[in-house]
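Novice: please work out how this folds:
(one chain, ligands or ions: 1)
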Amino acid sequence: MVLGQLGGSITRALQQMSNATIIDEKVVSECLNEISRALLQADVQFKMVRDMQANIKRIVNPDDLAAGHNKRRIMQKAVFDELCRILDPGKPSYTPKKGKTSIIMFVGLQGSGKTTTCTKYAHYHQKKGWKPALVCADTFRAGAFDQLKQNATKAKIPFYGSYMESDPVKIAAEGVERFKQENCDLIIVDTSGRHKQEAALFEEMRQVSEATKPDLVIFVMDSSIGQAAFDQAQAFKQSVSVGAVIVTKMDGHAKGGGALSAVAATKSPVIFIGTGEHMHEFEVFDVKPFVSRLLGMGDWSGFMDKIHEVVPTDQQPELLQKLSEGSFTMRLMYEQFQNMLKMGPIGQVFSMLPGFSSELMPKGHEKESQAKIKRYMTMMDSMTNDELDSTNLKLMNESRMLRIARGSGRSVREVVDMMEEFKRLAKIWSKMKGLKIPKKGDMSALSRNMNAQQMSKALPPQVLKQMGGMGGLQNLMKQMGNKDLGGMFGGER
Ligand SMILES: Nc1nc2c(ncn2[C@@H]2O[C@H](COP(=O)(O)OP(=O)(O)OP(=O)(O)O)[C@@H](O)[C@H]2O)c(=O)[nH]1
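Specialist: Numbering: from 1, shown residues only. Below you'll find the model as predicted:
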């Protein structure tokens with residue numbers, strides 16, 4: 001995971017601090033120095049690291065820490081808040097509205113993934129019923145137009161470009177005009193890659209922006225961008241009004257700190273991340289779940305807590321059992337939708353798992369999302385028992401989808417959307433495979449007496465790793481006072 005190493009180092013530094021017998025200013029300073037070193041090693045800009053250190057020092061008062069508070073948690077929260085602060089400029093970006101023309105211009109360094117991301121962005125919206133179109137204003141790189149054309153054709157998205165015309169300003173203006181007339185509601189302008197040393201290309205970018213008057217300029221950034229990130233991003237921001245950031249190649253193992261710096265430089269929110277070369281490898285970005293995953297443990301415990309809160313007690317053991325098997329069925333999805341509609345927003349449970357709530361229930365759109373869940377349930381009502389209980393997606397062939405669409409009075413596209421949603425949830429669900437749950441009768445006794453060693457054996461290895469290994473787990477158990485662990489395993493308390 002990009003930035004994964006940074007998260008691990010921060011977690012270790014916090015761990016070392018909480019192992020100390022007396023927490024005084026010196027121990028806190030050492031911990032902060034360790035965290036700062038980790039940030040610098042991950043390519044976060046020096047000034048940002050210095051500011052972050054000063055802010056945490058202000059928030060964390062060693063006297064408070066000494067007075068029997070949970071030291072690691074206080075420090076962790078301060079670090080968490082600071083990272084969120086860096087990634088969240090506090091104001092949302094311009095949000096295009098379906099049915100109303102928006103012009104979105106993509107800018108960035110060479111090879112950052114603009115062309116790929118333009119198509120992903122168009123495809124993402126197209127799936128949601130938008131009418132996007134792509135304009136290739138990259139006349140600099142030979143083959144850029146062919147690449148866009150190929151991607152656009154594959155995704156059945158209209159495109160505009162030219163092999164002959166060398167003036168990107170002219171192409172951009174013409175393309176935007178054409179698609180305005182065709183009533184496209186999302187006109188996406190792809191531009192050439194450039195860097196701040198190329199003054200003429202920066203001037204050209206400004207002219208493209210002037211000619212097309214974009215509602216939103218998106219800065220596309222490769223997550224492996226190093227120390228140069230801050231200055232480059234700032235230069236883009238100073239030339240055109242960057243309003244949002246998309247970070248690409250999050251599927252790699254880059255240090256990723258440069259990406260944090262660039263976000264700070266543009267003072268614009270990250271709206272999506274690219275997680276692979278393919279069209280669907282594109283996720284809505286949410287700051288808090290991302291940072292908590294980065295810091296190694298928050299999501300898992302939060303997830304279990306929320307299951308406890310939202311899922312009716314009598315259903316918890318069964319649900320956890322199914323989690324441990326990792327196999328997700330339509331029926332399970334149906335039952336969870338039912339719980340969530342009854343008990344509150346679905347996001348409460350799954351927001352703990354990155355990529356989930358943001359997709360299914362974006363903030364501020366809860367009403368629409370609930371309506372969507374209800375529509376999904378209507379479609380599932382038209383499914384046979386075999387379909388509901390199957391884990392095999394291949395079963396859902398075209399004729400079955402047609403039948404479901406007809407039976408529920410919805411379109412085939414909506415059925416396909418629901419299947420996509422199901423696939424995504426099944427992927428998240430499969431991560432829980434291997435969770436070992438004590439037999440029903442043994443549950444409460446076992447969980448009362450369970451130590452970290454036993455507990456570590458019960459957890460799937462990838463989850464244990466996410467929690468910061470044995471150390472992270474021991475800490476979590478301390479925080480929860482052990483007694484609550486019965487709840488994590490569905491036992492009676
Ligand atoms: N692994 C991975 N590769 C990506 C991702 N996004 C883009 N790429 C790859 O990065 C390379 C560059 O992507 P392009 O879309 O051509 O980049 P560009 O910014 O348009 O390039 P220029 O026009 O030359 O500036 C391609 O090989 C893409 O497949 C991603 O999220 N993950």
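Novice: ok now stretch 116-134, how far from the chain's centre?
Specialist: Offset of stretch 116-134 from its chain centre (C-alpha atoms, centre = their mean, to the nearest Å): 18 Å.
Novice: what residues does that stretch touch?
Specialist: Taking C-beta atoms under 8 Å, 6 or more residues apart in numbering as the criterion, the residues outside stretch 116-134 that touch it are 96, 98, 104, 106, 148, 151-152, 155-160, 175, 179, 182-188, 190, 218, 220, 246, 248, 272, 274, 277, 279-282, 413, 417, 420. Where C-beta positions appear, they are placed from N, C-alpha and C, glycine not excepted.
Novice: mark which of those are buried, thanks.
Specialist: A residue is treated as buried here by neighbour count (16 or more other C-beta atoms under 10 Å); on that basis the buried members of these are 96, 104, 106, 148, 151-152, 155, 157-160, 175, 179, 184-188, 190, 218, 220, 246, 248, 272, 274, 279, 282, 417.
Novice: restricted to strands, list the residues you listed.
Specialist: In strands, judged by DSSP state E, the following of the buried ones among the contacts of stretch 116-134 are found: 104, 106, 159-160, 186-188, 190, 218, 220, 246, 248, 272, 274, 282.
Novice: go back to those and keep what's next to the ligand.
Specialist: Cross-checking these against the ligand (C-beta under 6 Å from any ligand atom) gives 248, 274 as the overlapping residues.
Novice: so for stretch 202-217, what gets flagged as buried?
Specialist: By 16+ other C-beta under 10 Å, the buried positions in stretch 202-217 come out as 202, 204, 205, 207, 208, 209, 211, 212, 214, 215, 216, 217.
Novice: and the residue of the stretch 151-300 of the chain nearest the ligand?
Specialist: Sorted by distance to the ligand under C-beta to the nearest ligand atom, the residues of the stretch 151-300 of the chain start with residue 193, at 2.2 Å.
Novice: pLDDT below threshold where in the stretch 201-350 of the chain?
Specialist: In the predicted model, the stretch 201-350 of the chain carries pLDDT under 70 at residues 289, 293, 296-313, 315-316, 319-320, 323-324, 339-350.
Novice: how about 50 then?
Specialist: Regions of the stretch 201-350 of the chain meeting the criterion pLDDT under 50 cover residues 297-302, 343-348, 350.
Novice: contact residues of it facing the ligand?
Specialist: Listed as neighbours of the ligand in the stretch 201-350 of the chain under the rule C-beta under 6 Å from any ligand atom: 248, 249, 251, 274, 275, 276, 277.
Novice: so where does the residue of the stretch 151-300 of the chain closest to the ligand fall, helix or strand?
Specialist: Here residue 193, judged by DSSP states H and E, is contained in no helix and no strand.
Novice: how about the closest residue to it other than its chain neighbours, what does it touch?
Specialist: In this structure, residue 193 finds its nearest non-sequential neighbour in residue 110, 3.2 Å apart by C-beta to C-beta, 6 or more residues apart in numbering. The contact partners of residue 110, by C-beta under 8 Å, 6+ apart, come to 141, 192, 193, 194, 195.
Novice: the host helix or strand of residue 427 packs against which elements?
Specialist: With secondary structure defined by DSSP H and E, residue 427 is part of helix 412-430. Under the contact definition 3 or more C-beta pairs under 8 Å, 6 or more residues apart in numbering; DSSP states H and E, helix 412-430 sits against helix 330-343, helix 357-360, helix 366-381, helix 398-408.
Novice: residue 18: which of these is closest?
Specialist: helix 357-360 (29.8 Å; C-beta to C-beta).
Novice: does residue 145 sit in a helix, a strand or a coil?
Specialist: Classification of residue 145 by DSSP: H, G, I helix; E, B strand; the rest coil places it in helix.
Novice: isn't it up against residue 135?
Specialist: No - Residue 145 is not in contact with residue 135 according to C-beta atoms under 8 Å; the separation is 10.4 Å.
Novice: break down the stretch 101-250 of the chain into its helices, ranges please.
Specialist: Secondary structure of the stretch 101-250 of the chain (DSSP state H, counting those that start in this stretch): helices located at 114-127, 144-154, 168-181, 199-212, 229-239.
Novice: among these, which is nearest residue 322?
Specialist: Taking C-beta to C-beta as the criterion, helix 114-127 is the member of the helices of the stretch 101-250 of the chain that comes nearest to residue 322, at 28.2 Å.
Novice: where's residue 421 relative to residue 410, distance?
Specialist: Distance of residue 421 to residue 410, computed by C-beta to C-beta, to the nearest Å: 14 Å.
Novice: residue contacts, residue 145?
Specialist: 136, 138, 139, 161, 162, 163.
Novice: hmm, try it at 7 Å
Specialist: For residue 145, the residues meeting the contact criterion (C-beta atoms under 7 Å, 6 or more residues apart in numbering) are 136, 161, 163.
Novice: residue 17 now?
Specialist: Listed by C-beta under 7 Å, 6+ apart, the contact partners of residue 17 are 23, 27, 31, 71, 72, 75.
Novice: and the furthest pair within these?
Specialist: 27 and 72 (11.5 Å).
Novice: with neighbour count added, can I get the contacts of residue 145 in CSV?
Specialist: Formatted as CSV, these follow (neighbours: other C-beta atoms under 10 Å):
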residue, neighbour count
136, 27
161, 22
163, 10
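Novice: nearest to residue 53, of those residues?
Specialist: In terms of C-beta to C-beta, no member of the contacts of residue 145 lies closer to residue 53 than residue 136, at 44.5 Å.
Novice: so the closest one versus residue 159, what's the distance?
Specialist: Look at residue 136 and residue 159: by C-beta to C-beta, they are 7 Å apart.
Novice: which neighbours do the two share?
Specialist: Common contacts of residue 136 and residue 159 (C-beta under 7 Å, 6+ apart): residue 148.
Novice: most tightly packed of the helices of the stretch 101-250 of the chain?
Specialist: Of all these, helix 114-127 has the most neighbours on average by mean count of other C-beta atoms under 10 Å, namely a mean of 23.
Novice: OK, contacts around residue 266?
Specialist: The neighbours of residue 266, taking C-beta under 7 Å, 6+ apart as the test, are 219, 233, 237, 242, 245.
Novice: many thanks, I have nothing further to ask.
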